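Asker: How does the following fold in three dimensions:
(one chain, ligands or ions: 2)
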Amino acid sequence: MRVLVLGGDGYLGWPTALHLSRRGHEVGVVDSFARRQYDFEMGVDSLVPIATLQRRVHTWSKVSGLHIAPFIGDLTDATFVERTLAAFEPEAIVHFAEQRSAPYSMIDRSHAVYTQVNNVVGTLNLLYAIAEQDPSIHLVKLGTMGEYGTPNIDIEEGFIEITHKGRKDILPYPKQPGSFYHLSKVHDSHNIMFACRIWGLRATDLNQGIVYGQQTEETSLHPELATRFDYDGVFGTVLNRFCVQAVAGHPLTVYGQGSQIRGMLDIRDTLACIELAVTHPADKGEYRVFNQFTESFSLNELAGMVSDVYPGTVEISHIDNPRVERQEHYYRAAHTKLLDLGLVPHMLSGQTIEGLIHVAERYRDRIDPVAIKPTVQWRHTASTLATAGSEPAVPEAFGVGVETSATIGSAEG
Ligand code: NAD
Ligand code: USQ
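Answerer: Numbers count the residues shown, from 1 in each chain. Ligands and ions are numbered 1, 2, ... in the order given. Predicted coordinates:
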C-alpha cells in the first residue's frame, strides 16, 4: 500500500516508517521538525543521538535498498497538506504529527494554545484535504488512552451502551482528559468522527497507552537509523525516564503516591498495531476506535521493576505530584480489538527493562541531570495567571513550580 506517515521524524513515526517500508509498503514521511525545535527551546536533547531526516532516509536506502519519500512542512499549512496528498496519492495516512507532551501543554497559556492549534488545526486541514481529494483514503490517527481519564467504571473501546430513562443507545465513551494536550486529542476525535459521519470518510482512532522502548528490528540495523529517546521532565515518559534515572544514580521520580495506573505498550507493538490498522481498513463512513495498549501497571510497580532489574542500588523517591490526577482509582480498560486482528504483544519483562538500561548506559555521558527534574506544575498560581499575557519565545514561565497559598484548583489527588 502507499502509506504516508505524518510525524515521520518523531520517536514513533520514524520506526513506523521503516517498519512499513520493510514490510513492502511504499512509504512517504511528513514532518515540520517541530519536535527538534522543542529540544532547542527546552535546552534538552534525545539521549540517543539522532541523524537528520535526510540522512536517515539516505541510510535506509543504503541498508535496505528501499526508498522513503520525505516531505518537509507543517500540517497547519493547508496548502502544504493539499500539495503533499496530491503528490503522494496515499491509500492510508498514519497521523502521528502532533505536540505530544502533557507537561509542555501545561507550561502556560501560550503553550496550551500552541498545542491545541497545532494538533486540532493540523488534523482539520488533513480531514478537508482527504475529503476533497480522495475520501477513500484510510486515516489512522494516534489518539491516547488519557482521553478517557480514570472513571470509576470499565473503559470501553471508544463507545459505551447506555440505558437512560428506559431507552438505549451506543454513544461515544465519556472523556475526562488530564491536560490541555490530552484535551487536544479529544477535540481531534470529535472532528474525525464528525467528518466520517458527514463526508463518508474512513478512520481508525488508536487510543494508545504510554510507549516504552527504543529499539526495533529496523532501527537496530544502523546507528543512523536510531530513533529518539527522551528522558527529560517535559518529554520523557515514565518507564523510559525511570531506566535513565537508575543509570544516572538519580532517585526514581514517582509523582505522588505512585498508585496511579496506566496502560502501556512496547514500541515494537506500536509498529505492529499500526500495520494491523493499515492493512485492515475501516469501512467507508466508519469511525472506529481501538485501545492500543497491552498491559496496565501502577507507577509503583514500574519503579519496583526497574529497581529489581538494575544491578546497582536504586532509590525510589515519592515527590509532590506536579500534576492534578487521581492517585487511588479503579482502572480496567478493554483492549481486545487489536488482539482480534492478530496482535501478538511483547509483554514487559526484566529483559525489556535490561535492554532499556543498556541503551541508557551506552549514552550515560549524554545524561544531563538538570533535565531530569519535573518543572511544569499543573496548579497555576494567581501570580502566574496574572503574568500569563506575555509570550516569551523561551518562556520564563517554564519552571513555574512556585506553589503559594493562592494555588488554584486541585480537585483531584
Ligand atoms: P514525537 O514528538 O516524537 O513525534 C511527533 C512528530 O510530529 C515530531 O517529529 C514533530 O516534529 C511532528 N510534528 C508535530 N507537529 C507537526 C505539524 N504541525 N506538522 C508536521 N509535523 C509535526 O512524538 P511521538 O512520541 O512519536 O508520538 C507520536 C504520536 O503518538 C503523537 O500524536 C502522540 O500523541 C501519540 N502517542 C504517543 C505516545 C508515547 O508514549 N510516545 C503514547 C500515546 C500516543
Ligand atoms: N510520572 C511519574 N514520574 C515521572 C513521569 C511521570 O510518576 O517521572 C507519572 C505521571 O504523573 C503520570 C504517569 O506517570 O501519572 C504517566 O506520565 P508520562 O509522562 O509517562 O505520560 P503522559 O503524560 O500520560 O503522556 C504520554 C505521552 C503522550 C501519550 C500518553 C499516553 O507523552 O503523548 O498520549 O503517554 S496515556 O498516558 O495513555 O494518555
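
Asker: tell me the contacts of the nearest residue to Gln214 once chain neighbours are set aside?
Answerer: Excluding its sequence neighbours, the residue lying closest to Gln214 (C-beta to C-beta, 6 or more residues apart in numbering) is Phe229, at 4.6 Å. In short, each C-beta sits where N, CA and C put it, glycine included. By C-beta atoms under 8 Å, 6 or more residues apart in numbering, the residues touching Phe229 are Tyr11, Ser46, Leu47, Val48, Gln214, Asn240, Val359, Tyr363.

Asker: So the fifth one lies in a helix, does it not?
Answerer: Read it as Gln214. No. Counting by DSSP: H, G, I helix; E, B strand; the rest coil, Gln214 falls outside a helix, being coil.

Asker: heads up, I number from 59, so please use that
Answerer: All right, first residue 59 from here; so that's Gln272.

Asker: quick one, phi/psi of it?
Answerer: Note on Gln272: its backbone torsions stand at phi -140, psi -20 [degrees, to the nearest 10].

Asker: Could you report the neighbour count for it?
Answerer: Summarising burial for Gln272: neighbours were counted as other C-beta atoms under 10 Å, giving 25.

Asker: so how far is ligand 2 from it?
Answerer: Plainly put, Gln272 is 15 Å away from ligand 2 if you go by C-beta to the nearest ligand atom, to the nearest Å.

Asker: what sits against that residue?
Answerer: Counted by C-beta under 8 Å, 6+ apart, Gln272 has contacts Val106, Ala284, Thr285, Phe287, Asn298, Ile325, Leu414, Val417.

Asker: Show me which of the residues you listed are buried.
Answerer: Among the contacts of Gln272, those classed as buried by 16 or more other C-beta atoms under 10 Å are Val106, Ala284, Thr285, Phe287, Asn298, Ile325, Leu414, Val417.

Asker: Kindly reformat the contacts of Phe287 as a markdown table containing pLDDT.
Answerer: Formatted as a markdown table, these follow (pLDDT from 0 to 100):
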| residue | pLDDT |
| --- | --- |
| Tyr69 | 98 |
| Ser104 | 98 |
| Leu105 | 98 |
| Val106 | 98 |
| Gln272 | 97 |
| Asn298 | 97 |
| Val417 | 98 |
| Tyr421 | 98 |
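
Asker: Looking at the residues you listed, spot the one nearest ligand 2.
Answerer: Asn298 (7.9 Å; C-beta to the nearest ligand atom).

Asker: any idea how far that closest one is from ligand 1?
Answerer: 8 Å.

Asker: for Val63, same thing?
Answerer: Val63 is 10 Å from ligand 1, by C-beta to the nearest ligand atom.

Asker: Any idea how many residues pack against that residue?
Answerer: With other C-beta under 10 Å as criterion, Val63 counts 33.

Asker: Same question for Arg420.
Answerer: 12.

Asker: need the strands for the chain, in chain order.
Answerer: Taking DSSP state E, the strands of the chain run over residues 60-64, 84-89, 126-130, 150-153, 196-202, 217-222, 225-230, 260-266, 268-270, 310-313, 319-324, 345-350, 353-356, 374-377.

Asker: CA atoms of the fourth one as PDB?
Answerer: Output for strand 150-153, consisting of C-alpha atoms alone and laid out as PDB, is shown next (Å, rounded to 0.1, in the frame of the first residue of the first chain):
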ATOM      1  CA  ALA A 150      -3.600   5.200   4.000                       C
ATOM      2  CA  ILE A 151      -2.300   8.100   6.200                       C
ATOM      3  CA  VAL A 152      -0.800   7.400   9.600                       C
ATOM      4  CA  HIS A 153      -1.100  10.600  11.600                       C
END
